[in-house]
Structures are given as structure tokens and as C-alpha cells.
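Colleague: Starting from these lines, generate the structure:
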Amino acid sequence: FFIFRIIFYILFFFLYLKFMKLYSPLGIEWLDWHFQRLNNVVQHLKNNGYFTYYGFSIWSQIENCALELQCIKNNIYLSHLFFSKIFYIIIYEVFSENNFQFYAQIIDKIFIFFTAILISEILINYFKKKCSKIELFFIGSLSYVFYISNPWTYKMIIASWDIIFFTFFFLLGIFLISKNNKKKGIFI
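Modeller: A predicted model of the protein is given here:
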């Protein structure tokens, strides 16, 4: 049943992305403002050193970022911590700026996909003693479908949220602990 579930997960995810690409007005690619925001964050860190400013970066354009009170009055100055963007920084360094948007979107979708699988498998583990294999398949499938087709998840596909990385690692830890890999689960 595990192989059958994995096939279902993959098939449903690709069908969902295909459906949203065809019928959603925003598609399944990153929105332009989101790409520009992440590009600014990573470029600022690359130009000024990854560990300078305690690892903080900016969302806005790099030029004219004076922090004097008269310069930021009636403006918003947003910053991001280095660690919340670590996967994007690695992609930027490995694949260069030209391929950044393409590969970073793939990483987002991979994390969303595996987070949905972790949710399903944790629920299956929880109900394993109480339900039959067919019931477990439906429990896992429904939880997976509900997570993937959720509007919140769709928003993460078109404009990534940092919470998906935390959620993935948190659920991975719970999953490992539930499988009696307590040391690995606590480490994660």
C-alpha cells in the first residue's frame, strides 16, 4: 500500500499543478513581485556578505536604503533573516542568477509535496492499529488531497512562505519519532 500511496501522491500533485496551470488566473509560477523580493534578499546578502548585519537582508531595492529617521518616515523597511532564505541562497550560488527563479520554484514545490506526504503518513501511522489498509489509504489520500488543494497551499506555490520549511522539518521530526527514530527526530 505504501508504493500505491506514493504513486497516488505523485499523480495527484502533477494533475493538480496541471489543472491550476490551465484554469487558475495566476497560474503556478512565482508572481513577479515575489521573485523580485527574493532576488533582492539574496543579492543584498551576496553583495554585503552572508553574515554581515547579523544575517539580515532587505526586501526592497538595494539602492537608497538609508536608515535615518527622515529617510524612512512614511515608508516601510522590511528585512529578512539569512536562515529563513538558506535554500534560496544555496540555489542562487549553485545555479546562478539566470536560473534562480526556475530552480527555486522547484524547491518550493518539492517541499510542499513532501510536507503533504508527511502529514498523510503521520495520520496513517496514528490510525494504523484502528483501521484496515483500505481505510488507511483513504485517510492518507484525503488528508493529502485536502492539504495540496488548500488555497493556503496554492498561495505558497505562487509566492513561497518561509513557514513551509519550518513545517516540513517539524513534521519530519514528528514522523521520525513516531517511527521510533527518536534521536534523529529530536535532532531534526
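
Colleague: how about the helices of this protein, start to end?
Modeller: Ranges of helices within the chain are 2-23, 32-48, 69-72, 86-127, 133-148, 151-158, 163-178, 182-187, based on DSSP state H.

Colleague: will you turn those helices into a markdown table that also has mean neighbour count and mean pLDDT?
Modeller: For every residue, glycine as well, the C-beta is placed using N, CA and C. Formatted as a markdown table, those follow (neighbours: other Cβ atoms under 10 Å; pLDDT from 0 to 100):
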| stretch | mean neighbour count | mean pLDDT |
| --- | --- | --- |
| helix 2-23 | 13 | 94 |
| helix 32-48 | 17 | 76 |
| helix 69-72 | 9 | 48 |
| helix 86-127 | 17 | 88 |
| helix 133-148 | 16 | 93 |
| helix 151-158 | 15 | 90 |
| helix 163-178 | 16 | 91 |
| helix 182-187 | 12 | 92 |
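
Colleague: Name the nearest residue to Arg102, sequence neighbours excluded.
Modeller: Not Arg; residue 102 is Phe. Phe95 (7.9 Å; Cβ to Cβ, 6 or more residues apart in numbering).

Colleague: From Lys85, how far out is the one you found?
Modeller: For Phe95, the distance to Lys85 (Cβ to Cβ, to the nearest Å) stands at 15 Å.

Colleague: Over to Asp32?
Modeller: 18 Å.

Colleague: Could you do Phe169 as well?
Modeller: On the measure of Cβ to Cβ, Phe169 and Lys85 end up 15 Å apart.

Colleague: and what of Val145?
Modeller: For Val145, the distance to Lys85 - Cβ to Cβ - is 30 Å.

Colleague: who's in contact with the closest residue to Gly140 other than its chain neighbours?
Modeller: Leaving aside its sequence neighbours, Gly140 sits nearest to Ser120 (Cβ to Cβ, 6+ apart; 4.0 Å). Contact analysis of Ser120 by Cβ atoms under 8 Å, 6 or more residues apart in numbering lists 5, 9, 139-141, 143-144, 147.

Colleague: Ok, Lys182 next?
Modeller: Contacts of Lys182 (Cβ under 8 Å, 6+ apart): Leu176.
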